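J.: return atomic coordinates for the entry below.
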Amino acid sequence: MAQAKKVLAKKSRSTATKKQSQTYPNYIGGRWAPGSRGEWIENRNPADTRDLIGRFPQSTEADVDAAVAAATKAFDGWRQTPAPRRAEILFRVGEILIRDKEKYTRDMTREMGKVLKEAGGDVQEAIDCTYYAAGEGRRLHGFTTPAEMPNKFAMCVRQPVGPCGLITPWNFPMAIPSWKLIPALVCGNTIVIKPAEDTPLSTYNLIKACEEAGVPPGVVNLVTGYGETVGARITSHPSLRLISFTGSTETGRTVAYACAERNAICSLEMGGKNAIIIMEDADVDNAVEGAVWGAFGTSGQRCTASSRLIVHKKVYKKFSQKLIERAKALRVGNGAEPKVEVGPVINEDAVEKIMRYIDIGQNEDRATLACGGNRLTKGDYAHGYFIEPTVFTDVSPDMRIAQEEIFGPVTSVIPAKSLDEAIEIANGVRYGLSAAIYTQDVNRAFHAMNETYTGIFYINSATIGAEVHLPFGGTKATGNGHREAGTQVLDIFSEWKSIYVDYSGKLQRAQIDDVKI
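T.: Okay, the predicted model is just below:
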């Protein structure tokens, strides 16, 4: 008997198949056109795979080459457009996203599966990012500084990198593309973007907004397809100066190799195995709510998901019992239903991977499958990718379920005797994206904040919930040192130029000539 409450939209086969689907083109050089091969990828609803949302081009290397040629041709005109003017166009993109937010939200839930509130949050994040980054069109600040020679002026400015390749994931199919696309454009770059093949519609909607807002032809180019063809060509194309990738650590490593081979700039945002530390003085009810949201929001398909819960032994039993009760009560089903709290995972491959890790957890010594652990397959669940919210207790830090990224609705509860032991456990993975602590002691909070080696840290909150005006990214195997969002993202998509103006009327040699005072 499944432990989670099962709620799914009552949708008959005839209703599902009556939904209209359409064929969506690529966008290259300001024109919407099918892929050169004439073959298509089906985009289906993970809550009900009978629901065909649309068909998108299964593009080839030739399509990528055409998109790169368009981006290259448009680059000079776009970079020479004053940054405040570029920002005005991008500001209109934000207005279009606001106008059509409800539609984009429904589209996202249908193609990705996340519940409507979360899909709305994804679109809102794109809106926030667009407004914030557009504002930087009047703040692409360089700086001046005193020169070491008399009658000499020194300053530095930002300049665009050039045509950029963007490869984005399926779990935040509008927010993450906006994190890359909008800052790249405000800095004066042109782009070729490849969305994940599971969720191309949300990125298509973003590109349509760019077109309507007046982004010139060739500045933005959309090419859909598979990673081994479209993604590989983008990462290896000699005319793309920069590649920005969000996805798995394994694929990110492949992207990094391809960029290193041709000395291209590479920005990577990859995996996470994030921990919440719950101390004995924590508000346990608040910590449980944070753990549920962090572990099971987006069905656990977040790089910042709270997949490890490190709990002080004094409150371990109390916390675990309350967490299990909440996890059992979560409503699983089609994200389009207002009462649903946990939607499907993205596809069959994800189901197989998650269920394989649940089997690993059950076979590892000492760990207890406290709730969940089943795929839901009966009745209205038969045509979707549904997995119960799953909690393992009595987990030790060295177990695979506590070390490896599962990327699904699975979390592990790990006991700890002290704050220092909890911090050691939190740091004891190869990732370093996000961490959190629940405590009422400000000294403990600051100690954990200082000693936890991650790019993001929360106090009395879950490990998710980044805001666009702060830098986002992680340490260790999570990334390669860059940060998205905030003003720090400008350092990815622009390069510094130092400028010296000598108005002395004679040759002055820095570090050689004596300066007479």
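J.: residue 401: how many residues sit nearby?
T.: Here the number of neighbours of residue 401 (other C-beta atoms under 10 Å) works out to 23. C-beta here means a position set from N, CA and C on the backbone, and glycine is covered the same way.
J.: so which helix or strand takes in it?
T.: Element membership for residue 401, per DSSP states H and E: helix 400-403.
J.: hmm, who's touching that helix?
T.: If you take C-beta atoms under 8 Å, 6 or more residues apart in numbering as the criterion, helix 400-403 is touched by 273, 308, 357, 360-361, 364, 367, 392, 395-397, 410, 412, 414, 429-430.
J.: just the CA atoms of it, as PDB, please.
T.: Output of helix 400-403 as PDB, limited to C-alpha atoms (Å, rounded to 0.1, in the frame of the first residue of the first chain):
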ATOM      1  CA  ARG A 400      26.200   6.100  -1.200                       C
ATOM      2  CA  ILE A 401      22.700   7.600  -0.600                       C
ATOM      3  CA  ALA A 402      24.500  10.200   1.600                       C
ATOM      4  CA  GLN A 403      27.300  10.800  -0.800                       C
END
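J.: counting contacts, what elements does the following helix or strand past that helix pack onto?
T.: Next in sequence after helix 400-403, counting helices and strands by DSSP H and E, comes strand 410-416. Identification of packing neighbours for strand 410-416 by 3 or more C-beta pairs under 8 Å, 6 or more residues apart in numbering; DSSP states H and E yields helix 284-296, strand 308-312, helix 313-329, helix 348-363, strand 390-393, helix 400-403, helix 419-427.
J.: now do the buried residues in strand 410-416.
T.: The neighbour-count check on strand 410-416 (16 or more other C-beta atoms under 10 Å) flags 410, 411, 412, 413, 414, 415, 416 as buried.
J.: my read is residue 172 is in a helix, agree?
T.: No: under DSSP: H, G, I helix; E, B strand; the rest coil, residue 172 falls outside any helix and is assigned coil.
J.: wait, it sits on residue 129?
T.: No: using C-beta atoms under 8 Å, residue 172 makes no contact with residue 129, being 10.9 Å away.
J.: how much distance is there from stretch 348-355 to the middle of the chain?
T.: Stretch 348-355 sits 20 Å away from the centroid of its parent chain (C-alpha atoms, centre = their mean, to the nearest Å).
J.: any residues touching that stretch, and which ones?
T.: 301, 345, 375, 385, 387, 406, 407, 408, 409, 410.
J.: what does stretch 465-476 give?
T.: 125, 128-129, 132, 179, 269-270, 272, 304, 430-434, 453-456, 458, 479, 481-486, 488-489.
J.: quick one: buried residues of that stretch?
T.: 465, 466, 468, 471, 472, 473, 474, 475, 476.
J.: repeat for stretch 109-123
T.: Neighbour counts over stretch 109-123 (16+ other C-beta under 10 Å) mark 109-116, 118-123 as buried.
J.: over to stretch 338-352?
T.: In stretch 338-352, the ones that count as buried by 16+ other C-beta under 10 Å are 340, 341, 342, 343, 344, 345, 346, 347, 350, 351.
J.: what's the closest non-adjacent residue to the fourth one?
T.: Counting by C-beta to C-beta, 6 or more residues apart in numbering, residue 335 is the residue found nearest to residue 343 once chain neighbours are left out, at 3.6 Å.
J.: any stretches of this structure with poor pLDDT?
T.: 1-21 (pLDDT under 70).
J.: separation between residue 311 and residue 122?
T.: 30 Å (C-beta to C-beta, to the nearest Å).
J.: right, I mislabeled it, should have said residue 144
T.: The value you get for residue 144 to residue 122, if C-beta to C-beta is used, is 40 Å.
J.: can you list phi and psi of the nearest residue to residue 234 once chain neighbours are set aside for me?
T.: Computed as C-beta to C-beta, 6+ apart, the closest residue to residue 234 that is not its neighbour in sequence is residue 165, at 4.0 Å. As for residue 165, its main-chain torsions (degrees, to the nearest 10) stand at phi -110, psi 130.
J.: give me the beta-bridge partners of residue 165?
T.: residue 192, residue 243 (DSSP bridges).
J.: contacts only, for residue 215.
T.: Neighbours of residue 215 in contact, by C-beta under 8 Å, 6+ apart: 89, 90, 93, 185.
J.: ok, back up a step: mind picking the two most distant members of the buried residues of stretch 465-476?
T.: Greatest spatial distance among the buried residues of stretch 465-476 (C-beta to C-beta): 468 and 476, at 23.7 Å.
J.: sticking with the residue nearest in space to the middle of the chain, tell me its helix or strand.
T.: The residue lying closest to the centre of the chain (C-alpha atoms, centre = their mean) is residue 176, at 4.7 Å. In the assignment (DSSP H and E), residue 176 maps to helix 175-186.
J.: what is that helix packed up against?
T.: helix 83-99, helix 116-135, strand 164-167, strand 191-194, helix 200-213, strand 242-246, helix 490-493.
J.: one more time with 6 Å
T.: For helix 175-186, the contact count by 3 or more C-beta pairs under 6 Å, 6 or more residues apart in numbering; DSSP states H and E identifies helix 83-99, helix 116-135 as packing neighbours.
J.: so for residue 196, which of those sits nearest?
T.: It is, among those and with distance given as C-beta to C-beta, helix 116-135, at 13.4 Å.
J.: give me the residues contacting that closest one.
T.: Applying C-beta atoms under 6 Å, 6 or more residues apart in numbering, the contact partners of helix 116-135 are 87, 90-91, 93-94, 97-98, 101, 104-105, 108-109, 172, 174-175, 178-179, 182-183, 186, 298, 468-469.
J.: that helix: how far from the chain's middle?
T.: Mean-position distance between helix 116-135 and its chain equals 13 Å (C-alpha atoms, centre = their mean).
J.: just checking, next helix/strand downstream of it?
T.: strand 143-146.
J.: neighbouring strands of that next one in the sheet, and parallel or not?
T.: By DSSP bridges, strand 143-146 pairs with strand 152-160 (antiparallel).
J.: dump the partner strand to PDB, keeping only the CA atoms.
T.: Extracted as PDB, the C-alpha positions of strand 152-160 are listed here (Å, rounded to 0.1, in the frame of the first residue of the first chain):
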ATOM      1  CA  LYS A 152      48.800  60.100 -17.200                       C
ATOM      2  CA  PHE A 153      45.200  58.700 -16.700                       C
ATOM      3  CA  ALA A 154      44.400  55.100 -16.000                       C
ATOM      4  CA  MET A 155      41.000  53.300 -16.100                       C
ATOM      5  CA  CYS A 156      39.400  50.000 -17.000                       C
ATOM      6  CA  VAL A 157      36.100  49.100 -18.700                       C
ATOM      7  CA  ARG A 158      34.100  46.000 -19.500                       C
ATOM      8  CA  GLN A 159      33.700  44.700 -23.000                       C
ATOM      9  CA  PRO A 160      31.600  41.800 -24.300                       C
END
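J.: what's in contact with that strand?
T.: Contacts for strand 152-160 (C-beta under 6 Å, 6+ apart): 79, 140, 142, 144-145, 147, 187-189, 494-502.
J.: buried among those? Make that a ChimeraX selection.
T.: The buried residues among the contacts of strand 152-160 can be selected in ChimeraX (16+ other C-beta under 10 Å) with this line:
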select :79,140,147,187,188,189,494,502
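J.: report the distance from the helix holding residue 176 to the chain centre.
T.: So, by C-alpha atoms, centre = their mean, the centroid of helix 175-186 is 12 Å from its chain's centroid.
J.: before we move on, what about stretch 291-305?
T.: Between the centre of stretch 291-305 and the centre of its chain there are 13 Å (C-alpha atoms, centre = their mean).
J.: then stretch 445-461?
T.: That offset, for stretch 445-461, works out to 21 Å (C-alpha atoms, centre = their mean).
J.: identify each buried residue in stretch 134-150, please.
T.: Neighbour counts over stretch 134-150 (16+ other C-beta under 10 Å) mark 134, 136, 137, 140, 147, 149 as buried.
J.: surely the fourth one and residue 82 touch.
T.: The reference is to residue 140. No: taking C-beta atoms under 6 Å as the definition, residue 140 is not a contact partner of residue 82, at 10.4 Å.
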